[in-house]
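# Just the structure for this:
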Amino acid sequence: MKLITETSYNVLAKKNEKHMFIEGIFSTATIKNRNGRIYPKHLLEREVDKLRDSISEKRSLGELEHPSQSSVNLDRAAILIEDLV
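Okay, the predicted model is just below:
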């Protein structure tokens with residue numbers, strides 16, 4: 001398996017015998033992000049709290065890029081969020 005990435009963010013790629021992991025910044029609060037938005041910390045904390053169950057149950061999937069809809073197309077799922085710290 002190969003990791004293909006194009007980013008200006010600092011990410012750390014790890015690989016074990018069967019899997020590849022990517023660690024990096026998922027989102028930021030109180031500073032302007034690359035979309036030009038500034039999210040208040042309390043808003044991101046609230047949304048992360050909503051995700052905790054699906055993350056712990058390994059149901060938090062994502063697609064590459066920014067899909068046009070908020071629901072994940074399972075045929076295009078490329079990301080499994082395992083933890084947000």
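
# From residue 26, how far out is residue 82?
Taking CB to CB, to the nearest Å as the measure, residue 82 falls 11 Å from residue 26. Bear in mind the C-beta positions are built from the backbone N, C-alpha and C, glycine included.

# for residue 85, same thing?
Plainly put, residue 85 is 9 Å away from residue 26 if you go by CB to CB.

# Please identify which of those two sits among more neighbours.
Comparing residue 85 with residue 26 by neighbour count (other CB atoms under 10 Å), the higher total belongs to residue 26, at 11 against 5.

# Number of residues surrounding the closest residue to that one other than its chain neighbours?
Taking CB to CB, 6 or more residues apart in numbering, and ignoring the residues beside it in sequence, residue 26 has residue 84 as its nearest neighbour in space, at 6.0 Å. By other CB under 10 Å, the residues close to residue 84 number 13.

# So for residue 82 and residue 26, which residues contact both of them?
With CB atoms under 8 Å, 6 or more residues apart in numbering applied, the contact sets of residue 82 and residue 26 do not overlap.

# roughly how far is the helix-or-strand element of the chain with minimal mean pLDDT from the heart of the chain?
Averaged element by element with mean pLDDT, DSSP states H and E, the chain has its least confident helix or strand at strand 11-15 (a mean of 75). Its chain's C-alpha centre and that of strand 11-15 lie 14 Å apart, by CA atoms, centre = their mean, to the nearest Å.

# do stretch 34-49 as well
13 Å.

# With stretch 52-62 instead?
Centroid separation for stretch 52-62 versus its chain: 11 Å, with CA atoms, centre = their mean.

# where exactly do the helices run in the chain?
Ranges of helices within the chain are 41-56, based on DSSP state H.

# show me what contacts the residue nearest to residue 26?
When the contact criterion is CB under 8 Å, 6+ apart, the partners of residue 84 are 26, 48, 51, 55.

# Make CSV from those residues and add pLDDT and distance to residue 35 to it.
Formatted as CSV, the entries for the contacts of residue 84 read as follows, by pLDDT from 0 to 100; distance: CB to CB, whole Å:
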residue, pLDDT, distance to residue 35
26, 83, 14
48, 91, 18
51, 91, 19
55, 93, 23
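
# Point me to the residue sitting farthest from the middle of this protein.
Using CA atoms, centre = their mean, the residue of the chain lying farthest from its centre is residue 17. It sits 22.6 Å away.
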